[in-house]
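Participant: quick one, structure for this:
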Amino acid sequence: MILLTVGKRLEMLRKEAGYKTQIALTEVIDITSASLSNYENGKREIPQEWLIKFAIFFNVSVDYILGLTEIKHITALRDEVFIEVKNKGITNGELCTKLSGLSLDNKEIVYKMIDTLATHNVNQAKRHFKLSEFDNLK
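Facilitator: The predicted model follows:
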């Protein structure tokens with residue numbers, strides 16, 4: 001697999017979106033042709049503000065533009081994260097509904113639990129949260 005530079009990835013996104021030239025894209029979004037050229041050619045680092053604007057415009061994640069993932073669309077990333085939950089019979093909608101109904105304090109607790117589990121340190125999670133649900137985790 002050939003890894004693309006950030007600039008080349010941006011160029012590829014522009015062309016995939018149907019903008020054959022840099023000028024064509026600058027006519028649609030508020031960016032100078034010099035700036036776009038510098039970003040695509042790697043002469044200048046893309047500022048965070050423009051990374052976000054490009055991600056929204058091309059409907060991709062900033063991580064994709066930066067080459068940190070090969071998953072283009074945010075929904076694909078979200079679906080990958082929830083695939084195991086779905087296989088257990090819990091839908092994304094059910095999970096989101098339950099999370100959205102929690103108080104801010106409880107959302108923070110859930111986030112900390114997820115963050116702790118994401119580090120693959122189940123023993124630490126068991127000690128920290130003292131929940132019987134963690135007993136079955138490996």
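Participant: okay, now the unreliable bits of this structure?
Facilitator: Residue ranges of the chain with pLDDT under 70: 1-3, 73-96, 115-138.
Participant: surely residue 32 is in contact with residue 25?
Facilitator: No - the pair residue 32 and residue 25 fails to qualify as a contact (CB atoms under 8 Å) at a distance of 11.1 Å. Glycine gets a C-beta too; all of them are placed from N, C-alpha and C.
Participant: which one of these two has more residues nearby?
Facilitator: Under the neighbour definition other CB atoms under 10 Å, residue 32 and residue 25 were set side by side, and residue 25 has more, 22 against 10.
Participant: what's near enough to touch the more buried one?
Facilitator: 14, 17, 19, 31, 36 (CB atoms under 8 Å, 6 or more residues apart in numbering).
Participant: quick check on residue 44: phi, psi?
Facilitator: Dihedral pair for residue 44: phi -140, psi 140, per degrees, to the nearest 10.
Participant: excluding its backbone neighbours, what's nearest it?
Facilitator: Distance criterion CB to CB, 6 or more residues apart in numbering; nearest residue to residue 44, sequence neighbours excluded, is residue 38 at 4.0 Å.
Participant: show me what the helix or strand that contains the one you found is packed up against.
Facilitator: Assigned by DSSP states H and E, residue 38 falls within helix 33-40. Applying 3 or more CB pairs under 8 Å, 6 or more residues apart in numbering; DSSP states H and E, we find helix 33-40 packed against helix 6-16, helix 22-26.
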